[in-house]
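> Curious how this folds, go ahead:
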Amino acid sequence: MLIFLSLSFWQLTRYQEDKSIIESIESKDNVNKISVSELNDINNYFEEFTKIELKDNPENISLLRTWYLRSRVHNGENGYHLISLYKTNLNQFFLVNNGWVPLDKNADSSFIYQTLNFKGRLLDYDVQGVGQDDIPDSEYLFRIDKDFIESETNVMLPNKYIVLIDSCGSGVECIKLEEPYDAPHLSYAFQWAFFAICLSIVVLRRNNLITWKK
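A predicted model of the protein is given here:
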């Protein structure tokens, strides 16, 4: 019974978190034009989901490396998120989630030469979990882990990375953070609570702590 109640509470918490995220995104709709220098300055604090547009000249920004973030669903299809590490002519680095590509990764390779406007939202890095550790020298990632990527590339990254929302590259579909996958967390919360109630009734009946009146 306690397990069912714990699952119900967990799903309810996930529902509240998703709702809070949407509200936070919707409240940050003004575009802040910043430079990569400002993004890399540790004294500058930007809240998660802040909408930004880099004002640096795209010609001074070059692509260093890409990874595929595993197990990402877009419009009901499985695929990857394309994660890219960029460098400016001033040796400043930043990480970008370009968007979704299908499992066969047939994104037009010419996207790396395409001029991007680097307009997107700032997100916190993923927290290292248990199991499925990222593998060095692999083109795949399980999570966007700041420490792992820094150790792989020997660079210092800003405190947040960018998820592009416009002009994401040829063959890459932009991610709509405002329209996330609608997981049925609330339905599951009620379901697990119902199972807990049913189990408690069975236990109480077996121990003759409750009886049905005929």
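
> Select the longest strand from this protein.
strand 61-74 (DSSP state E).

> Please name every helix or strand in contact with that one.
Secondary-structure packing of strand 61-74 (3 or more CB pairs under 8 Å, 6 or more residues apart in numbering; DSSP states H and E): strand 77-88, strand 93-102, strand 140-141. Any C-beta I mention is one placed from the backbone N, CA and C, and that applies to glycine too.

> May I see the buried residues of the longest one?
Just to be clear, that refers to strand 77-88. Buried residues in strand 77-88, counting neighbours by 16 or more other CB atoms under 10 Å, are found at 79-88.

> among those residues, which two are most distant?
Maximum pairwise distance among the buried residues of strand 77-88 (CB to CB): 29.1 Å, between 79 and 88.

> Mind jotting down where the helices sit in this structure?
Taking DSSP state H as the criterion, the chain contains helices spanning 2-26, 36-40, 146-153, 185-206.

> List the residues that contact residue 174.
99-100, 164-166, 168 (CB atoms under 8 Å, 6 or more residues apart in numbering).

> what do you get if the cut-off is 7 Å, keeping everything else the same?
Residue 174 is in contact with 99, 164-166, 168, counting by CB atoms under 7 Å, 6 or more residues apart in numbering.

> before we move on, what about residue 139?
67-68.

> So for it, what pLDDT did the model give?
Note on residue 139: pLDDT of 89.

> can you tell me how far it sits from residue 86?
Relative to residue 86, residue 139 is positioned 17 Å away (CB to CB, to the nearest Å).

> ok so, going back, would you list the contacts of residue 174 in JSON lines and tack on neighbour count, distance to residue 143 and pLDDT?
Converted to JSON lines, these look like this (neighbours: other CB atoms under 10 Å; distance: CB to CB, whole Å; pLDDT from 0 to 100):
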{"residue": "99", "neighbour count": "25", "distance to residue 143": "17", "pLDDT": "90"}
{"residue": "164", "neighbour count": "22", "distance to residue 143": "19", "pLDDT": "93"}
{"residue": "165", "neighbour count": "18", "distance to residue 143": "21", "pLDDT": "87"}
{"residue": "166", "neighbour count": "11", "distance to residue 143": "25", "pLDDT": "84"}
{"residue": "168", "neighbour count": "26", "distance to residue 143": "20", "pLDDT": "85"}
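
> Between which two of these is the distance greatest?
99 and 166 (10.2 Å).

> how about the closest residue to residue 174 other than its chain neighbours, what does it touch?
The spatial neighbour of residue 174 that comes closest, neighbours along the chain excluded (CB to CB, 6 or more residues apart in numbering), is residue 168 at 4.3 Å. Counting by CB under 7 Å, 6+ apart, residue 168 touches 98-99, 174.

> and residue 60, how far is that from residue 50?
23 Å.

> cool, and residue 138?
Taking CB to CB, one finds residue 138 at 31 Å from residue 50.

> Residue 175: what's it in contact with?
By CB under 7 Å, 6+ apart, the contact list for residue 175 reads 97, 99-100, 163.

> go with 6 Å
Counting by CB atoms under 6 Å, 6 or more residues apart in numbering, residue 175 makes contact with 99, 163.

> out of everything not next to it in sequence, what's closest to residue 69?
Spatial nearest neighbour of residue 69, chain neighbours left out: residue 81 (4.0 Å); criterion: CB to CB, 6+ apart.
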